[in-house]
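Chemist: Provided below for reference: sequence and predicted model.
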Amino acid sequence: MEDRDLYMADIMHEEKMMEEKENMELIKIENEVAVLDVETSKKIAEFEKAIKEIKEKEDELKQSILNEMESKRIIKLETDDLVISYVAPTERETLDTKKLREEQPDLYDEYVKFSTVKSSIRLKVK
């Protein structure tokens, strides 16, 4: 079994365990302080670390593919699983909204657009 397969099997096992925990409280209030279930906290931290490691490996592999595609002047590469297309460097145009807001607040207010963002949580592994 490959590392990825073992990892996916572990995730599926953890998902099943988490489904069983859905019926219990994950957060308890003790002395007016919110306390997250220890097992849940550890599992999230493990997942975050594993995702970071996998992402780093993926980024390294992608960089190697990019370097080789550039050196061999390959624009497109297809396999049974992937289609990889080379994207040449380009310039990106951006707007300095902070400067615009400071120097031209009326103009900024005329063009600013607000959109609703759904609720979420932000995780930080210590």
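Modeler: Happy to help now that I have it. Residues are numbered from 1 along each chain as shown.
Chemist: Mind giving me the packing neighbours of the host helix or strand of Asp109?
Modeler: According to DSSP states H and E, Asp109 maps onto helix 105-111. Counting contacts by 3 or more CB pairs under 8 Å, 6 or more residues apart in numbering; DSSP states H and E, helix 105-111 packs against helix 97-103. Just so you know, the C-beta spots here come from the backbone N, C-alpha and C atoms, and that holds for glycine as well.
Chemist: Please give the centre-to-centre distance between the lengthiest helix in the chain and its chain.
Modeler: Ranked by residue count under DSSP state H, the longest helix found in the chain is helix 38-71. Its chain's average C-alpha position is 10 Å from that of helix 38-71, according to CA atoms, centre = their mean, to the nearest Å.
Chemist: Which strands or helices does that helix pack on?
Modeler: The elements that helix 38-71 packs onto, with contact taken as 3+ CB pairs under 8 Å, 6+ apart, are helix 3-21.
Chemist: I appreciate the help and will end here.
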